[in-house]
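Visitor: Coordinates only, no sequence provided:
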């Protein structure tokens, strides 16, 4: 019997963070009962913080500008890994949803080393993101899926090398899916999140390490807007 990598085994929260993971899950289950989202974002704290739902927002002004008049569901959770995202979509967070677009920004926390988690390889992280893509496709077969390249983060000499490996694998996978006719896109804005010389640009990050500030979120939103306008007003 083949053993799945841990990035593919759905589980509830692993890490403690500055919000109540279970309360957020309960609120999302209530939200999807009455909301029909045109766009669904799923990811970790980078997605979670964007619209300031739990008081940790870094780019609320950008969120309101681009998504304030659209029906958008934010399924970002701080410190989530792919296995947590899989658990959440298997436990009701995509109930009744038929979005036109799904934006997946997952994988960076596979490389976050804590007392509870010793980090994954690029290959193990890829398996988790790939399964998340496949499960979202099963739930929403008509949606256009946008897979974000994982954003640059520090430290460059360790974490960034694994991120680069993950992004390379995701790009190949998405291109293979496109050739097979899937409605999917790999959106890579990593160059825009760096200086012109390719070095890390701390001016786009609230913590100069991982989480974008408004300027960083604007780069993401503007790149997404090009793709959104191709399929909806």
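Guide: Yes, it's here. This one's a predicted model, so the numbers in the text were calculated from it and none came from an experiment.

Visitor: Report pLDDT for residue 127.
Guide: Note for residue 127: predicted pLDDT of 98.

Visitor: right, and it touches residue 8 too?
Guide: Yes - applying CB atoms under 8 Å, one finds residue 127 in contact with residue 8, separated by 5.5 Å. Backbone N, C-alpha and C define where each C-beta goes, glycine included.

Visitor: Counting neighbours, what do you get for residue 169?
Guide: 18 (other CB atoms under 10 Å).

Visitor: Sorry, slip of the keys, the one I care about is residue 187.
Guide: 17.

Visitor: What segments of this protein are helices?
Guide: 21-34, 45-48, 60-67, 82-90, 122-139, 161-179, 214-228 (DSSP state H).

Visitor: what's near enough to touch residue 32?
Guide: 73, 92-97 (CB atoms under 8 Å, 6 or more residues apart in numbering).

Visitor: please redo it, this time with the cut-off set to 10 Å
Guide: 40, 73, 75, 92-97 (CB atoms under 10 Å, 6 or more residues apart in numbering).

Visitor: And residue 143, by the same measure?
Guide: Counting by CB under 10 Å, 6+ apart, residue 143 touches 38-40, 97-102, 136-137, 183-184, 231.

Visitor: sorry, back to before: can you say which of the contacts of residue 32 are buried?
Guide: Neighbour-count burial within the contacts of residue 32 applies to 40, 73, 75, 93-94, 97; the criterion is 16 or more other CB atoms under 10 Å.

Visitor: who touches stretch 173-185?
Guide: For stretch 173-185, contacts defined as CB under 10 Å, 6+ apart pick out 101-104, 126, 129-130, 133-134, 137, 141-149, 186-188, 227, 230-231.

Visitor: Buried among those residues? Need that as a selection in ChimeraX.
Guide: Buried residues within these, by 16+ other CB under 10 Å, are selected in ChimeraX with:
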select :101,102,103,104,126,129,130,133,137,143,144,145,146,147,148,149,186,187,188
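
Visitor: Residue 140 is in contact with residue 96, correct?
Guide: No - contact criterion CB atoms under 10 Å: residue 96 and residue 140 do not qualify, at 11.1 Å.

Visitor: Quick check: bridge partners of the residue nearest the centre of the chain?
Guide: Residue closest to the average C-alpha location in the chain (CA atoms, centre = their mean): residue 105, at 1.9 Å. Bridge pairing for residue 105 (DSSP bridges) gives the partners residue 43.

Visitor: in the chain, which segments are predicted with low confidence?
Guide: Along the chain, the model assigns pLDDT under 70 to residues 1, 208.

Visitor: can you pull up the bridge partners for residue 187?
Guide: Here residue 187, judged by DSSP bridges, has bridge partners residue 148.

Visitor: Right, I'll call it a day here.
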